[in-house]
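Asker: kindly generate the corresponding structure for this input.
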Amino acid sequence: MTATGRGAGPGPSAGRVGLTRVTSDPLDPAEHYAAVQDPAAGATVSFSGVVRDHDHGRDVTELDYSEHPTAAAVVAQVAAEIAARPGVIAVAVSHRVGLLRVGDIALTAAASAAHRREAFAACTDLVDEVKRRLPVWKRQVFTDGTDEWVGSA
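Answerer: A predicted model of the protein is given here:
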């Protein structure tokens, strides 16, 4: 878990990273939502990426995520970059690794800001940047017993 403080004064001077994690444990969206709460926040946006039962017209039974040793540092760096944006109060994001079944949460994120536009943008960019930069590889297993490796989450 990573955290940074807020400046003194009438409003936040810099955003805070409430939580980052790469883990094989189940993810809790409520924990991430709570990690970004702040009295100055007028908006909190959260997102959960869930393993679905299909991909490109094929039925999926499970995913198996493998991470590079730098994965946790990459998630923390992305979170710090988004938290540093003007108007962002706090962010939290985690990605799960290991074997996940249909319905399991693979990624969860939350962002708070004084206003909804900044909160939505921060959460969207947080998810997009983690998915773009995270060194995680995904093996999809299909109902016919075949599998496929995907280069990144």
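
Asker: skipping adjacent residues, who's closest to residue 109 in space?
Answerer: Distances taken as CB to CB, 6 or more residues apart in numbering place residue 93 nearest to residue 109, at 4.1 Å, with adjacent residues excluded. For glycine as for every other residue, the C-beta is placed from the backbone atoms N, C-alpha and C.

Asker: residue contacts, that neighbour?
Answerer: Going by CB atoms under 8 Å, 6 or more residues apart in numbering, residue 93 touches 19-20, 32, 75, 78-79, 107-110, 126-127, 130.

Asker: name every strand pairing with the helix or strand hosting it and say which way it goes.
Answerer: For residue 93, the host element (DSSP states H and E) is strand 88-96. For strand 88-96, the pairing partners within the sheet under DSSP bridges are strand 16-23 (parallel), strand 105-113 (antiparallel).

Asker: so which of the ones you listed comes closest to residue 66?
Answerer: Relative to residue 66, the nearest member of the strands paired with strand 88-96 by CB to CB is strand 16-23, separated by 11.1 Å.

Asker: off-centre distance for the closest one?
Answerer: 8 Å (CA atoms, centre = their mean, to the nearest Å).
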